[in-house]
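In: Pasting the sequence and the predicted model now:
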Amino acid sequence: MRDPYSVLGVSRSVSEKDLKSAYRRLAKAHHPDQNKDDPKAHAKFAEISAAYDFLTDKEKKGAYDRGEIDADGNPKFAGFGAGMGGGNARRGAAQAGGFSAEDILKAPAAGTRSPGRWAAARPGATSRPRARTRR
């Protein structure tokens, strides 16, 4: 869904009375019974109704205004530290599929020992330098 405020044509600081007035005006204008020849009237009416329902739910409206959820009610990305929906970083990591930046930093360093600077010189080289032979 688009931004519910723009769907209803109101500002974010709209009063409940003005919100209801805007909804009624738009619902009446776009009601499918009033626009039988318009195939898009039903979809527009449904979008207006969904926006009004969303903005009259104080909990959803507050979360949307704080940027915690999108217009469809889905949580937005809250960053690595807060996880999904805030709270404990461990719990958030589990909800985000088990990934946490903290896990990377605390991971054991097994198998990360470098074979030395000689091995990095060319692919397939050993960790010990070869004896130099004269030609």
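Out: Thanks, I have the structure now.

In: Any idea which helix or strand in this structure has the lowest mean pLDDT?
Out: Lowest mean confidence among the helices and strands of the chain (mean pLDDT, DSSP states H and E): helix 89-95, at a mean of 47.

In: Please list all residues in contact with Asp65.
Out: When contacts are counted by CB atoms under 8 Å, 6 or more residues apart in numbering, Asp65 touches Arg12. C-beta: built from backbone N, CA, C; applies to glycine.

In: Could you report the distance from it to Asp57?
Out: Separation of Asp65 from Asp57 (CB to CB, to the nearest Å) stands at 12 Å.

In: Next one: the closest residue to Phe45 other than its chain neighbours, what pLDDT does it get?
Out: Distance criterion CB to CB, 6 or more residues apart in numbering; nearest residue to Phe45, sequence neighbours excluded, is His30 at 4.8 Å. pLDDT recorded at His30 is 94.

In: So for stretch 69-80, mean pLDDT?
Out: Regarding stretch 69-80, the rounded mean pLDDT is 82.

In: Stretch 18-27 too?
Out: Mean predicted lDDT for stretch 18-27 stands at 97.

In: which parts of that stretch are buried?
Out: If you call a residue buried by 16 or more other CB atoms under 10 Å, then stretch 18-27 has these buried ones: 19, 22-23, 26-27.

In: ranges for the helices of the protein?
Out: 4-8, 16-30, 41-56, 58-65, 89-95, 101-106 (DSSP state H).
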